[in-house]
Structure formats: structure tokens, C-alpha cells
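Peer 1: Take a look and give me a structure for this.
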Amino acid sequence: MDKRVYLVPLIFTLVCVTIGIFGVLSAASITSKSYKSQSDETFALHSVLHLEENARLDLQRLTVEVQAKDTANAIIKALYSASLPTTMVEAFVRDRPESYFMEDNFEKFATIIVATLQLNISEVILGLAPNGIMAGILPYESNKGAIGHDLLHPCKFTPPKPDGTFEGILCPDSCGYDAGLFCYPSRREPTLEAIRTRQATFAGPVKLVQGSYGVIVRHPMFLHPGELNSTFNRSTEPHDCAADCVIESTGERFWGLATVIFPFESVLIISGISDLTAKGYAFKLTDEVLNETLIQSVDPITNAPIAVSEPAVRWIVELPYQSYYIYMSPIDGWIQLSDHGNSQDPGQVSWKIPLCCGVAVLSIFLGLVLSAQMIYKRQHELLLQAMLPPKVLPYIARGLDFCEVFPSVTILFSDIVSYTNMVGEMPAMKVVSMLNELYTLYDQLADEHSVYKVETIGDAFMCAGGVPDEMDPEENAICVASMALSMIHKTNELETHDGLRLKIRVGIHSGPVVAAVIGIKMPHYCLFGDTVNVASRMESNSESMRVHISEDTYELLRESSDAFSLEARGLINIKGKGEMRTYWVTRALNKDTTTTPSLSGGHLSAIPDLEPIKGSWQPLTVESFLSTDIERNHSSQISSRPQIAKHATFETKRERKSPRFKTDIV
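Peer 2: Next comes the predicted model:
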């Protein structure tokens, strides 16, 4: 990493600390002299301090009020989020409003809702009450005793349990039952409140049968009967609900209730009220109707309750048919107003040392921020240097297009034999691991042979000699041919971590290309031209573990001083090109034959035969690209750009939405 990344922030920090402390000390000195020479202003100073403390106290109280309000809103939001299952039940009811259909299929619908919202069914209870009578509940086995409860009836007789005992309360005389019988507690009032307000009501927390505390949500559903009768094909009307169960203006009628019971503790967790202690607040949440404290702050070490300091901030958590109150204060107590009756030492400056420390901390913080920014910028530069040739970076930094013409480049394509069949039988992670091992090996070979890797797509590997720095045509052909033989040799020796042995095909062609940087968010150095197409065709018409070259590459290798063993293949039909005379490169005659295997036979005996795959990997050419709609948008810019000798550098400002040139699988 560049030393400037560390030295510049360090120097910046030291300068800031020096200037800041010098300024603080100078101000302290002036203040001290001012105290000594203006003792008659002591009373005025004390008044200012008193006002400041009052302002800090007001600010502290305002901060606590804002936190209390935010917490109340978070609790309300958590409660309404927990009532979402009832809204989904209403959606199912509106789709099929027939009462008996919903009763018969409620368990299925409820199971879908539980799965969709990823609810814990052991903690949540969903219920359906057509006409206010519980007809469906999930989970059923542990709550089936609720089936048949009329939520609109003022009291309901409770039959005895099998052991002869009763569960409920003694029936009041107004219910008309004999004295001594037991009734369920009345649920009529909260149910009527939900019907009257046409919105969900909340009740609780109440102690559940499971022993925990839960909140009950009753969600009323009003629908237009349509072709159904007024009771949605039920034989009974809602109990004593004629006035409230019909909306005269729309004709909608009370269908029933969707209910949900969820743990009150989950609501508190979602609202984040328990985190207030860590933020420095003492609090308690109360239900003033029951005169009960639901939760309060505790010491995280001793678990002892932390009392709320008076005068506490009080904020209401208001819900339909239910309200809670939050009481809150700072854990350390409210700011105490100081007694400024006695004057302090006129030469004392109490803020000098804390302010010096503050200046030092702030300077260090700014230095760290600057260092992080410089490190990030340097990493960005290193990433661009790894992705793009060095000569391209100045153009990218200035937002300019880059395009360059090379009269003679040698391009290599390779792919894995039977890759399609292999990936169809292998897990995706193993395919990734296999390709990573293979391409890491090829990257090392590219560095050794001074070859530039252009890109990889799937099993296709593309590299080129003579770019981005122009080379002698014969020299770049030699480098690429040596690279191809090394790829065959190393692939023959390679056995992946999963025990796979691979075969590849290689194709090489030489000719002119255009190199350009494509894209803005993720710029990429690409090659275009018919040379790329022909090289791809050489690879797709190659054979397993052989290097297939065109006649142009053959002429360059034949004229080179590094002799290669070249074998004529003859005329073959190349898609899109017709008949072409091609050759095989079997080995380099000046290389050690003990380390470079002979490929004249076409196959290496150490690797079993694999069936070749169909198709080839072929980038877009400049010619085909200029025939698209993009040509119409940019041709006027391209045609006006200057050319310099063999190279043409395009330096117009980069379009904001410039398309990225990609290669196609054909």
C-alpha cells in the first residue's frame, strides 16, 4: 500500500491537534485574563450559566419526550404488524364469502397464512368467527374448546368437564341460568366496539391457557352479500346486533370476525423497548385500567428494577379499545441546577483540559476518516489496475472513451469438452470449484507467456497476444501458441479436488482487431472484429486436447525462429466463412519433449475420451455491433473521432448510459 495513505492522514492529524490545542490554550489564556480584570461581571456570568443549565434541562426533557413518542409509535406499529394475519383471513373471506365454505377450509387457509408470514404456530392462535361464533381455530387440538363460543352473547353457559368440574365464572342472574352454573367471561363489549368502529380492536395483555401473556386482536369483516342471503347462507343472525351489523349506505353486512392471539413479549421485542436501558433511559409500560406495570427497565448486571425519576415523561400508547402509558426518564436522573450564589476563582478556566482533549479526539477522528477515504480510493485504483490495462486508466479517470486498432493480434479460444453434460450431473458449487482451479492455472500460464486474458464465460476462456501493448505479429503468435501447448499440457496433468480430469479444445487465429473499453459501472476491456469470430470457429471445430490454428497463424509460426511442429488438417467447412485451410500445432520443437507432451495423435492417453460439445463462444464483432440500433445513436460520434497512425484513440465524453458490449453464446 502507498505510504501516502498513512503519512498524509498522520500529518493532517498532527497539524489539526497542534492548531486546535494552540487555539484552546490561547482562548483559555484570554479568558483567564478577562476573569481577573472583569470581576464585576461575575453576577452576569452566573446568570448566563443558569440560563444555559435551564436550556440543557429543557433539551434533556425534550429528548426524553421524543424517545417516549418514538417508543409508543414502535409499539403501535408492532401491534398492527402482529395483526396482519387477520387482514389475510379477510382476503380469503372476500374471495369466498360462503360461511360454511370458510368454516370447512379455515384450517387450510390458516396454515397458508402461517407459512407465508413464517409465524411460530406454537405462539400464535388464529380464529374465525362467522356471525361472531367461533367456528375455526388453529392450532385446533389445544384450542378446540373455544369452538362454538358466541363472542356477541353477554354470557354463555359452560358445560362441565368430563371430571365434573367447570371452567369459567358464575353465571349472573341476568343470563337466565340457574344459580350455580358457570359461564364464559363476556366478550360482547370488545366485539361490539370492533363492529361499531369497523376496525380491529386490541385487548390485553391477558394470561393465556399456556401460562404466557398475549394480545387479542378482533378484526371485523363487512361484506356485501351479493347472491347470498343476508347471513351469507348461515341459518342464524348475529346475536343482538341489528343496529351495528349493517351499513345502510353500502348494503354491506357484518360477516364475522377474524381473530389472532400473539405473545405480548414478541411485541415488546419488535418495538425495541428493552433497548432503552442501553440508550440511557429508565422506563416502565403500564396498563392503568388494570393498575399494572407490564414491563420496566432493569439493571443489566443485577437485574434489579430501575425506578423512573420524577418528574417523569408520560406518553400514551393509544389503540382501539386499549391504551397503555410509557413513563420515562434518564437513568442518571435529570440535570440539577447549580447554586451560583458563590463566585468561583476568577483565574480558574475549567473547560481548558476537556476542550483540549475534545480537539485531540476530533482531530484523530478526522484523520481516521481521511485515512479510510484514501485507503478506499487506493483500493479502487488497484481494482481498476487489476481489471484494465494501465494505458486505459487515464481515459477512465477523465471519463473518456477508449478505442484502439491493432493490425495483427493472435487470439486463443478454449473450452471444456462435454462441459454441458458435466454440469448437468454436478452440483453448482463443484462446477464453480472446478472452473476456479482451471482458470487460476490458466491465469498463471498467461503471465508466464506474456499473453493478455480477455475474459471467461462459463467454460470458455479467451486470451490474446499483441494486446494491450502491440507486439511483432510473429512474436505474439509464438506466445499464444506456446500458451496453448502449455494449457494442453497442464490440463492433462490437472486433477481437481473432486477427482475430475478434464479435456479441452483450443483454437487460434491471427488478424486485425479493435480494442475498446465498454461500460461505465463495471468497465471491461473487449476485442472486436472478424478475427475474434474466426478464432472462435477454430476452437469449435477443434478436437479434444488439440490446438487448431488458421492459415494466417500458420504462416506467422512457420516464419518464426521458434519452430513448432505443425500438421496440416486440410480444407474444412467453417460456419459463416466457407472452406478454410487449417492446421494442428502439436509441439514446440525447441522445447523439452519430456515436459511438453506430443499431441500429434490428437489425444493424450492419460485422459479418457470425452464427447465434444456443440456450439462455440463468440464475441460480438464491430461490424455486427455497428449494424444494431446503437449504431444510430453513436455513429456520428465515432465517425468524427481522429485516427493516429495504426492506432485510433476516441476521446469524446462518455455517454451516461453507454451500453456495455457483451459476447454472445451462439
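Peer 1: Okay, now the unreliable bits of the stretch 151-300 of the chain?
Peer 2: 155-186, 208-211, 227, 229-231, 233, 235, 242 (pLDDT under 70).
Peer 1: give me the number of residues near residue 189?
Peer 2: 12 (other Cβ atoms under 10 Å). All C-beta spots, glycine's among them, are computed from the backbone N, C-alpha and C.
Peer 1: Okay, and it sits in which element?
Peer 2: Per DSSP states H and E, residue 189 falls inside helix 188-197.
Peer 1: contacts for that helix?
Peer 2: 132, 151-154, 200-201, 203, 216, 218-220, 241, 244-245, 254, 257, 320-321 (Cβ atoms under 8 Å, 6 or more residues apart in numbering).
Peer 1: could I get that helix in CSV with only the CA atoms?
Peer 2: Output for helix 188-197, consisting of C-alpha atoms alone and laid out as CSV, is shown next (Å, rounded to 0.1, in the frame of the first residue of the first chain):
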residue,chain,number,x,y,z
ARG,A,188,-69.5,-8.8,23.9
GLU,A,189,-68.3,-5.3,24.6
PRO,A,190,-64.9,-5.5,22.9
THR,A,191,-66.5,-7.4,20.0
LEU,A,192,-69.2,-4.7,19.6
GLU,A,193,-66.6,-2.0,19.8
ALA,A,194,-64.8,-3.6,16.8
ILE,A,195,-68.1,-3.8,14.9
ARG,A,196,-69.1,-0.2,15.7
THR,A,197,-65.7,1.3,14.7
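Peer 1: gap between that helix and the chain center?
Peer 2: Between the centre of helix 188-197 and the centre of its chain there are 42 Å (Cα atoms, centre = their mean, to the nearest Å).
Peer 1: circling back: which among the contacts of helix 188-197 end up buried?
Peer 2: With neighbours counted by 16 or more other Cβ atoms under 10 Å, the contacts of helix 188-197 contain buried members at 132, 151-153, 200-201, 203, 216, 218-220, 241, 244-245, 254, 257, 320-321.
Peer 1: Inside strands: which ones of those residues?
Peer 2: The strands, defined by DSSP state E, take in 201, 203, 216, 218-220, 254, 257 from the buried ones among the contacts of helix 188-197.
Peer 1: if we take those, which one ends up nearest to residue 102?
Peer 2: residue 257 (11.9 Å; Cβ to Cβ).
Peer 1: what's the helix or strand for the closest residue to that closest one other than its chain neighbours?
Peer 2: Among residues not flanking residue 257 along the chain, residue 129 sits closest, at 4.2 Å (Cβ to Cβ, 6 or more residues apart in numbering). Counting by DSSP H and E, the element that carries residue 129 is strand 125-130.
Peer 1: Please apply the same query to residue 430.
Peer 2: helix 428-448.
Peer 1: Was I right to think residue 258 contacts residue 90?
Peer 2: Yes - here residue 258 reaches residue 90: they are 5.8 Å apart, a contact under Cβ atoms under 8 Å.
Peer 1: Overlap of the contact sets of the two?
Peer 2: In contact with both residue 258 and residue 90: 219, 221, using Cβ under 8 Å, 6+ apart.
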